[in-house]
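J.: this is a predicted model, with the sequence first.
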Amino acid sequence: MTQPDESVLESLAGVAGQVGQFVQRKQGEEALKAIEQRFRSVVDSANDGIVIADSKGTILTWNRGAESIFGYTAAEVVGQGVSMLLPERYRAPQKEGLEKYHKTGESRVVGRSVELEGLRKSGEEFPVAISLSSWKSGNDTFFGGIISDITERLKVDRIKSEFISTVSHELRTPLTSILGSLSLVTGGTAGALPPQARSLVEIAHKNSERLVRLINDILDVEKIESGKMDFELKPMRLMPVVAGAIEANRPYAEKFYVSIQLESGLPEVIVDADADRLTQVLTNLLSNAAKFSPKGQVVTVSVQRKGPMIRVSVADKGPGIPEEFRQNIFNKFAQADTSDTRQKGGTGLGLSISKALIERMGGRLGFETAVNAGSTFHFELPEGHRQPTGDTTARLRLKPRVLVCEGQADSAGQLALILSQAGIETDLARDVVHARSQLALHRYQALTLDLHLPGAGGIAFLKEIRSKEASRDLPIILVSLTPETAQGQLEGSAVKVVDILPVPVDKDRLLKAIKQAVSDPRVSTPRILHVEDDEDTQKVVEMILKNVATVTRVRNLRDAREQLGRQPFDLVLLDPGLPDGAGLDLIGELKDPDGKSVPVVVFSADEFGEELSKRVSAALVKTRTSNSELVATIRSVLNQRGPPPVGKP
């Protein structure tokens with residue numbers, strides 16, 4: 001058998017190699033063609049419009065989704081400029097933006113999603129959402145856009161918004177009356193109740209509060225998700241807001257036999273924040289800590305610097321957060337699925353809302369936890385350096401308000417009852433720490449002081465009060481088991497008191513001392529015009545304000561104007577949604593006989609933005625405003641206006 005010629009073999013090998021390369025190339029081309037066909041199939045089957053354009057904005061690719069949305073076939077648009085898909089007013093900015101992108105690489109639309117109007121073949125404008133990207137291939141730049149017709153989505157959003165608005169008004173208005181009435185009854189306004197009736201009223205009150213929290217949380221979630229939640233960010237002192245939240249949540253914590261203590265603070269620190277939203281976050285964190293703390297434990301609050309940030313921490317000694325639940329802790333409706341956790345109640349929305357609020361204020365919210373060792377939730381906000389223009393957290397009062405500093409619960413209750421029956425409001429402080437925070441938060445007309453108040457010697461605390469400018473002239477009434485000893489301790493010092501009362505306290509002597517401390521014959525009862533179309537709300541508000549002012553009630557614009565023409569008012573409490581027009585139309589008409597503007601406090605089921613806040617003295621939301629907060633706001637506004645002149649009604 002003859003051997004093959006070497007040259008022939010080499011030739012055959014070369015031919016075979018070429019054939020192999022040809023086969024591989026054909027297979028590669030077929031594979032590439034198959035991939036391209038699959039890609040085109042996917043692109044064409046997409047409901048969204050997919051458009052690819054070159055560096056000049058000339059359309060290269062046009063899928064069936066784009067054809068369905070705009071009404072053009074591929075043959076009609078390929079080779080044309082993308083500006084044909086835009087209304088005339090967008091075309092010049094689109095051209096300028098394209099030129100700027102080629103020069104600087106900067107763009108307000110490339111790499112993000114924007115909403116604007118598109119232009120159909122029929123000439124109809126319609127809303128679209130466009131996600132635009134770019135890439136380079138060789139020396140060429142290409143743009144790709146995914147376009148969605150959002151007409152139906154916006155229609156659904158509008159219906160949803162209208163529904164939420166209706167629900168907000170139709171639920172918040174009656175709930176305000178229900179909760180306000182129950183608060184008055186449980187507070188003793190209607191007199192003492194039989195034990196069984198009181199128990200039923202307390203159950204109704206507790207569950208009304210729970211329903212209000214649920215409605216407020218759901219409405220907050222909707223506003224956050226739709227981007228409609230308003231924020232009024234401005235420089236503010238942080239500590240008064242923290243102290244106010246602590247005091248407001250003490251009664252809630254006491255229901256669980258838990259106390260709240262401020263562990264550390266930064267007295268003069270300033271942050272840029274929205275005071276109301278910040279209070280909302282603190283309330284969520286404090287109420288959660290109280291709910292999950294064992295009886296007898298203390299929830300601690302601390303404020304510290306962390307680099308350029310200010311950290312506020314709320315720590316409890318509860319069971320901690322289960323490890324498997326930690327990654328979901330900030331999800332909506334998230335609750336650890338244990339019987340112990342479920343029985344605590346709550347919507348599971350508080351932490352999710354708090355995280356969103358803090359992030360909108362430029363901060364962050366986090367936590368540390370350990371099973372059976374407790375949890376610490378903290379948020380951080382950037383430290384501000386501009387001084388606040390005014391202390392919006394101060395609670396100014398028109399009628400007498402007295403701080404009762406008394407360590408014994410029975411004695412404190414007795415003093416508070418005597419003063420309450422005399423029409424005087426009281427706050428209770430059980431120790432020096434609590435008394436300091438109350439004095440920092442509120443302005444009082446007088447103070448009663450137990451010389452054995454826990455936390456410091458009574459005389460030492462008295463001197464501390466007198467050493468501060470804000471309380472240097474505060475009328476103080478001492479309460480002591482040994483008044484002679486107290487008198488001896490005061491002799492020779494510059495510290496003055498109104499009286500020193502022996503225990504048990506004599507009612508007449510106490511009231512005489514209080515009257516001496518707070519009497520002011522120049523102050524007459526202010527008049528308030530309440531403009532509100534819901535009669536139940538009017539009745540409840542009138543009862544809440546009975547010790548503050550004389551209230552005249554009207555239910556529409558016509559009657560409001562008639563009353564304003566008859567007599568002067570010191571304040572108008574206004575619900576803008578009236579049956580015969582917009583209540584806000586009254587604002588420009590409100591002048592007193594001296595030509596001064598009459599202050600307006602809006603009290604509505606709807607939440608208004610910053611623009612309204614600039615036009616009125618205060619804007620309160622029904623179901624978000626407790627009886628005491630309504631009273632405090634009214635008094636603050638009246639006090640800023642000043643008392644009516646002597647001899648005028």
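T.: Good, I have the coordinates.
J.: going forward, measure contacts and count neighbours with C-alpha atoms only.
T.: OK.
J.: please enumerate the strands of the stretch 151-300 of the chain.
T.: Per DSSP state E, counting those that start in this stretch, the stretch 151-300 of the chain carries strands over the ranges 234-237, 259-264, 270-273, 298-306.
J.: distance to residue 374, mean pLDDT and mean neighbour count added to those strands, as a markdown table?
T.: Output for the strands of the stretch 151-300 of the chain, formatted as a markdown table (distance: least, CA to CA, whole Å; pLDDT from 0 to 100; neighbours: other CA atoms under 10 Å):
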| stretch | distance to residue 374 | mean pLDDT | mean neighbour count |
| --- | --- | --- | --- |
| strand 234-237 | 29 | 86 | 22 |
| strand 259-264 | 15 | 85 | 17 |
| strand 270-273 | 28 | 88 | 23 |
| strand 298-306 | 10 | 90 | 19 |
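J.: could you redo the ones you listed as a markdown table and give each row distance to residue 284?
T.: Converted to a markdown table, the strands of the stretch 151-300 of the chain look like this (distance: least, CA to CA, whole Å):
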| stretch | distance to residue 284 |
| --- | --- |
| strand 234-237 | 20 |
| strand 259-264 | 14 |
| strand 270-273 | 17 |
| strand 298-306 | 13 |
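J.: and of the ones you listed, who's closest to residue 427?
T.: Closest approach to residue 427 among the strands of the stretch 151-300 of the chain is made by strand 259-264 (16.5 Å; CA to CA).
J.: mind listing what that closest one pairs with, with the direction of each?
T.: Strand 259-264 sits in its sheet next to strand 298-306 (parallel), going by DSSP bridges.
J.: out of the strands of the stretch 151-300 of the chain, nearest to residue 129?
T.: From those, taking CA to CA, the stretch that ends up closest is strand 270-273, at 32.0 Å.
J.: domain ranges for the protein?
T.: 44-149, 159-226, 235-384, 401-518, 527-641 (automatic domain parsing).
J.: which strand runs longest in the chain?
T.: strand 125-137 (DSSP state E).
J.: elements contacting that one?
T.: Strand 125-137 sits against strand 113-119, strand 140-149, helix 151-186, with contacts defined as 3 or more CA pairs under 8 Å, 6 or more residues apart in numbering; DSSP states H and E.
J.: pairing partners for the first one, with directions?
T.: Paired with strand 113-119 in the same sheet, following DSSP bridges, are strand 125-137 (antiparallel).
J.: so what angle separates the directions of the partner strand and strand 140-149?
T.: 150 degrees (axes from the mean of the first three to the mean of the last three CA atoms, to 10 degrees).
J.: if you count neighbours, what's buried in strand 125-137?
T.: 125, 126, 127, 128, 129, 130, 131, 132, 133 (16 or more other CA atoms under 10 Å).
J.: shouldn't the fourth one be in contact with residue 146?
T.: Think residue 128. No: contact between residue 128 and residue 146 fails when scored by CA atoms under 8 Å: they sit 10.1 Å apart.
J.: dump the residue contacts of the closest residue to residue 367 other than its chain neighbours.
T.: Counting by CA to CA, 6 or more residues apart in numbering, residue 367 lies nearest to residue 377, which is 4.2 Å off, once chain neighbours are set aside. When contacts are counted by CA atoms under 8 Å, 6 or more residues apart in numbering, residue 377 touches 285, 313, 314, 315, 365, 366, 367, 368.
J.: identify the residues contacting the fifth one.
T.: Under the criterion of CA under 8 Å, 6+ apart, the contact list for residue 365 reads 354, 355, 358, 359, 377, 378, 379, 380.
J.: what's the answer for the fourth one, then?
T.: When contacts are counted by CA under 8 Å, 6+ apart, residue 315 is found next to 289, 299, 300, 301, 374, 375, 376, 377.
J.: I'd say the second one and residue 263 touch.
T.: No: Residue 299 is beyond contact range of residue 263, at 9.5 Å (criterion: CA under 8 Å).
J.: what's near enough to touch residue 413?
T.: Residue 413 neighbours (CA under 8 Å, 6+ apart): none.
J.: switch the helices and strands packed on strand 125-137 over to CSV; also include distance to residue 538.
T.: Listed next are the helices and strands packed on strand 125-137 as CSV, based on distance: least, CA to CA, whole Å:
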stretch, distance to residue 538
strand 113-119, 44
strand 140-149, 47
helix 151-186, 8
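J.: in its sheet, what does the helix or strand hosting the residue nearest to residue 367 sit against?
T.: Secondary-structure assignment from DSSP states H and E places residue 377 in strand 374-384. Neighbouring strands of strand 374-384 in its sheet, by DSSP bridges, are strand 270-273 (antiparallel), strand 309-315 (antiparallel), strand 364-370 (antiparallel).
J.: format those as CSV; extra columns: distance to residue 294.
T.: CSV is the format used below for these (distance: least, CA to CA, whole Å):
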stretch, distance to residue 294
strand 270-273, 33
strand 309-315, 13
strand 364-370, 15
